[in-house]
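> sequence-free structure coming up:
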C-alpha cells in the first residue's frame, strides 16, 4: 500500500460481513406506550392483532432474550417486599459528669505545620503577646421589689426609726471625749472625735455589701514580701468586720504556708475537696475541709507535697471556686510567685480584683511594678489599674528606702496604696492573732480592708 494511493480499510475485514448483514437487518424497536404522547391501538400489531415484540440475537455466544418495551411500567407492591429487620434498641445515654460553670476554655487544636520559608527572604515579625481570657462577672439578677414606702393605702410604712425616734449623737470611742462621757454618767456627749470618724468611715467602706461572690487574688512576683501574711490579715479583718462568710484558699504550688496562720482543725487540702466536691451539699459538709480562726476566717490548705501541689491545674482551681462560691461571699486566694503556671490562668481569669504585695525595698518594688507591667501586656490593664498595692515593711526601722517615693509611684498606676508597718507579731510567722497586733498595724489593715472593700461596688468583668 503506497502513500499516494491509500486503500480504504474494509469493515468486513475487521468484523466480518455477517456482522454487517445482521446489523442492517435489525428492526427498529417501537416506542413504549408510557412514553408516547398519544396511544395508537393499532400501533405495533400484526395482521392477527397480536403485538409484535422485538427479539434480538446478540451472537452465537449469547443466549437470546425478549425485551418488552411496550407494556406498562412494572410496580412493586408492599406485600412483595421482604420483612424489614427490626432496628436494634437505642442504648441509654451515659450520665454526663457535672460541668463547672467556670469551665476552662476549650483547647485550641494545633495548626498544621507550615514549611519554613527562607530566613533571608522573610522579615521577622514579633509574636503578639499572650492574652489571658477574663471571665465575665457572674452576678445573679433576681426580680426583687424595692423597699416598701408609705402610700395612701399603707401609711404604716411611713413610720420608721428615722422619722419617729429621736436622733442620738454617736458616742465617742476614744480620747478625752470618751472620758468626759464616762465621768458625766453619759449625760455629756461631745460626739465623735476626728479619729473616731475616720475609723467609722473605714468600717463602712470595709462593710460594702457584696452581690454574689467576690474573689480577691493576692499576688507577687517575689517571695518573702509578706504575701501570705497579707492574705491572712486581710481575710481576718473582713471576717471580723463583716457578717458574711470569708474563706482564704492557698493556691501556692510550692508548699504554701497559709494554713499555718490559723489554728489547724482539718488535715484536708484543696485536693481532697476536689475529690469529694460532688458530695458537698451543705455548709456543714464543706467545714470538714477548712480550718477556722477566732476571727471566723476559714482557710483551705494546699497540698503539703510540692510535687502534688504543682499538679493543680486551671480547671482544678475553677472547680474549687465553683464549689466554694456556693457557701462563701468572699474568696481570697494566696497565689504563688509565678504568673505562668497553669492554675494562675484560672486565678486571674476569675479574679474580681487584685492585691499586689511589695516589700519596702528596691527589688521588691521593682517586682511589684513588673507584675503590673505583665498584667497590662497580657490584656488585663483594667485589672491592674483597679488593683490595691500593699507595701509591707518586713524589717524594723524601714532602712534607707524612701517609702513615700514608692507610694507615689504605685498611686499613679493603681487605685489605692497601703503601707503596713513592721510588727514583731507578724515577723514570727505563726498563727495570726489580731489582738496581738500593734494599734498602728491594726489601723493599717483596717485601711487595707476599706480600700479593697470599695471595689465591691465597682463593676467587674
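Done, it's in. Note that the structure is predicted; figures quoted are calculated from it, not measured.

> per the record, what domains does the chain have?
170-206, 210-457 (automatic domain parsing).

> Residue 145 in helix, strand or coil?
Assigned with DSSP: H, G, I helix; E, B strand; the rest coil, residue 145 falls in the coil class.

> For residue 258, see how far away it is.
According to Cβ to Cβ, to the nearest Å, residue 145 and residue 258 sit 42 Å apart. From N, CA and C alone the C-beta is placed, and that goes for glycine too.

> The two: which is more packed in?
More neighbours surround residue 258 than the other of residue 145 and residue 258, with 26 against 5 (other Cβ atoms under 10 Å).

> Can you pull the phi/psi pair for that one?
phi -60, psi -30 (degrees, to the nearest 10).

> hey, where'd the strands end up in the protein?
Assigned by DSSP state E, the chain shows strands spanning 55-56, 65-66, 214-219, 246-251, 291-292, 298-300, 330-335, 353-359, 388-392, 416-420.

> quick one, which of those is nearest to residue 225?
Comparing the strands of the chain by their distance to residue 225 (Cβ to Cβ), the top pick is strand 353-359, with 4.1 Å.

> for residue 221, what are its contacts?
337-339, 367-368, 370-371, 374 (Cβ atoms under 8 Å, 6 or more residues apart in numbering).

> Show the buried residues in those residues.
For the contacts of residue 221, a burial check counting by 16 or more other Cβ atoms under 10 Å picks out 337, 339, 367-368, 371, 374.

> Just give me the closest of those to residue 433.
After measuring the buried ones among the contacts of residue 221 against residue 433 - Cβ to Cβ - the closest member comes out as residue 337, at 26.5 Å.

> is it true that the closest one touches residue 218?
No. Using Cβ atoms under 8 Å as the test, residue 337 is too far from residue 218 to be in contact (11.6 Å).

> any idea which of the domains of the chain is most buried?
Mean neighbours per residue, mean count of other Cβ atoms under 10 Å, is largest over these for domain 210-457, with a mean of 19.

> pLDDT on it, on average?
For domain 210-457, mean pLDDT rounds to 89.

> Quote the end-to-end distance of it.
This stretch, domain 210-457, spans 7 Å end to end (Cα to Cα, to the nearest Å).

> just stretch 249-265 next, same as before
15 Å.

> Now do stretch 267-280: everything it contacts.
98, 249-251, 285-286, 288-290, 300-304, 308, 312, 316, 319-320, 323.

> Apply 10 Å and report the result again.
97-98, 100, 249-251, 256, 259, 266, 285-286, 288-291, 300-305, 308-309, 311-312, 315-317, 319-320, 322-324, 326-327, 343 (Cβ atoms under 10 Å, 6 or more residues apart in numbering).

> Next, the distance between the ends of it.
Stretch 267-280: ends 17 Å apart by Cα to Cα.

> Next one: residue 175 from residue 191, what distance?
Taking Cβ to Cβ, one finds residue 175 at 11 Å from residue 191.

> show me where the stretch 101-250 of the chain has helices.
Remark: helices assigned in the stretch 101-250 of the chain by DSSP state H, counting those that start in this stretch are 161-164, 175-183, 194-206, 227-241.

> what angle separates the last one from strand 353-359?
Right, the one you point to is helix 227-241. On the basis of axes from the mean of the first three to the mean of the last three Cα atoms, to 10 degrees, helix 227-241 is oriented at 130 degrees to strand 353-359.

> tilt between helix 227-241 and strand 388-392?
110 degrees.

> And the third one, by the same measure?
Between the axis of helix 194-206 and that of strand 388-392 there is an angle of 130 degrees, by the same axes, to 10 degrees.

> can you list contacts of helix 194-206?
Contacts of helix 194-206 (Cβ under 10 Å, 6+ apart): 170-175, 177-178, 191-193, 234, 237-238, 240-242, 443, 445-457.

> one more time with 8 Å
Applying Cβ under 8 Å, 6+ apart, the external contacts of helix 194-206 come out as 170, 172-175, 177, 192, 237-238, 241-242, 443, 446-447, 449-454.

> go on, the second one?
Applying Cβ under 8 Å, 6+ apart, the set of residues contacting helix 175-183 from outside is 171-172, 188-193, 195-196.

> quick one: average confidence on that helix?
82.

> for the shortest one, same thing?
Averaged across helix 161-164, pLDDT comes to 69.

> And the third one, by the same measure?
When pLDDT is averaged along helix 194-206, the result is 89.

> Just want the angle from that helix to helix 175-183.
100 degrees.

> do the same with the longest one
For helix 227-241 against helix 175-183, the angle between stretch directions is 30 degrees (the same axes, to 10 degrees).

> check contacts around residue 390.
With Cβ under 8 Å, 6+ apart, residue 390 has these contacts: 226, 230, 355-358, 417-420, 448.

> Tell me which two in those are the farthest apart.
Longest span within the contacts of residue 390, Cβ to Cβ: 226 and 417, 14.7 Å.

> From the rest of the structure, what touches stretch 439-455?
By Cβ under 8 Å, 6+ apart, stretch 439-455 touches 199, 201-203, 205-208, 216, 230, 233-234, 236-238, 241, 352-353, 355, 386, 388, 390, 415-416, 418-421, 423, 425-426, 434, 437.

> likewise stretch 402-418?
Under Cβ under 8 Å, 6+ apart, the answer for stretch 402-418 is 356, 358, 360, 365, 368-369, 372, 384-391, 393, 419, 444, 447-448, 451, 454-455.

> if we go to 6 Å?
360, 365, 372, 386-391, 447-448, 451 (Cβ atoms under 6 Å, 6 or more residues apart in numbering).
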